[in-house]
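Participant: Give me the fold of what follows.
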Amino acid sequence: MYQEAIKKYVEQHGHQRIRLKAVLFDMDGVLFNSMPYHAKAWNKTMSQFGFNLSEEEAYLHEGRTGAGTINIVSQRERGHDATEEEIQRIYQAKSEEFNRYPEAERMPGALEVLLKIKATGLTAMVVTGSGQRSLLDRLNHHFPNIFQKELMVTAFDVKYGKPNPEPYLMALQKGDFLPHEAIVIENAPLGVEAGAAAGIFTIAVNTGPMPDHVLTDAGANLLFPSMPAFNEAWENLYAILQQS
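Facilitator: Predicted coordinates:
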């Protein structure tokens with residue numbers, strides 16, 4: 001299965017092989033089990049403002065800007081975008097609701113696979129739409145000595161969020177990598193779209209409630225049902241990548 005996916009990718013992009021040097025990780029839903037809280041916060045807040053956004057749908061918008069999510073629902077239910085004032089009030093309320101929840105726990109399997117990746121000498125990078133100022137401190141607390149500040153891509157580094165490829169193209173630029181020298185680990189369809197659009201071999205881990213086909217339809221080259229499953233498969237997958 002792995003060989004077929006890799007062969008299809010290299011042929012599609014005109015590469016001889018994947019010369020793996022870096023692994024690019026999304027954060028929410030991949031490194032931290034934070035998406036249930038985001039989904040609940042979106043659902044409750046949008047309801048308070050008279051909109052309908054289910055927890056399940058919130059997963060489909062993961063990686064999109066807050067304004068983008070609000071406007072999709074506003075267009076659907078009112079036929080027009082929300083005003084800047086509405087966007088500010090709704091997103092502020094959503095952020096306050098999210099902050100009422102406990103801090104999200106580390107995703108099972110994430111630290112284990114990151115330690116394996118570091119041991120092989122590969123570079124691990126975070127590519128997130130988050131703009132948390134304390135992001136590096138949080139990552140260093142849960143994943144000590146794995147990530148470097150200069151090799152992170154956050155909301156402050158890009159103009160366009162996922163599904164635009166800019167975040168992953170920025171990661172390649174920061175690390176001085178070519179697309180076929182990296183792989184992407186994502187859990188959201190918009191993130192998968194972004195990784196694929198950047199020309200990078202993209203692996204989806206389905207840590208949410210969506211059907212698998214949503215992630216494969218978005219362009220995932222490989223799919224795992226969880227981060228523990230990805231961790232268990234890593235040695236085999238890495239060996240095949242080295243041989244490809």
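Participant: okay, CA-based contacts and neighbour counts for the rest of this
Facilitator: OK.
Participant: in this structure, which helix or strand is least confident?
Facilitator: For the chain, the helix or strand with the lowest mean confidence is helix 135-142, at a mean of 88 (criterion: mean pLDDT, DSSP states H and E).
Participant: Now the element after that helix, going C-ward?
Facilitator: strand 152-153 (DSSP states H and E).
Participant: got a list of what the residue most central in space within the chain touches?
Facilitator: In the chain, the residue lying closest to the centroid (CA atoms, centre = their mean) is Asp26, at 3.2 Å. Contact analysis of Asp26 by CA atoms under 8 Å, 6 or more residues apart in numbering lists 126-128, 184-187, 191.
Participant: Output the residues you listed in JSON lines; the columns should cover neighbour count.
Facilitator: Shown next, in JSON lines, are those (neighbours: other CA atoms under 10 Å):
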{"residue": "Val126", "neighbour count": "24"}
{"residue": "Val127", "neighbour count": "23"}
{"residue": "Thr128", "neighbour count": "25"}
{"residue": "Val184", "neighbour count": "27"}
{"residue": "Ile185", "neighbour count": "27"}
{"residue": "Glu186", "neighbour count": "30"}
{"residue": "Asn187", "neighbour count": "31"}
{"residue": "Gly191", "neighbour count": "35"}
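Participant: Give me the subset of those residues that lies in strands.
Facilitator: Applying DSSP state E to the contacts of Asp26, the entries found in strands are 126-127, 184-186.
Participant: Out of those residues, which comes closest to Glu112?
Facilitator: Ile185 (14.5 Å; CA to CA).
Participant: No further questions, thank you.
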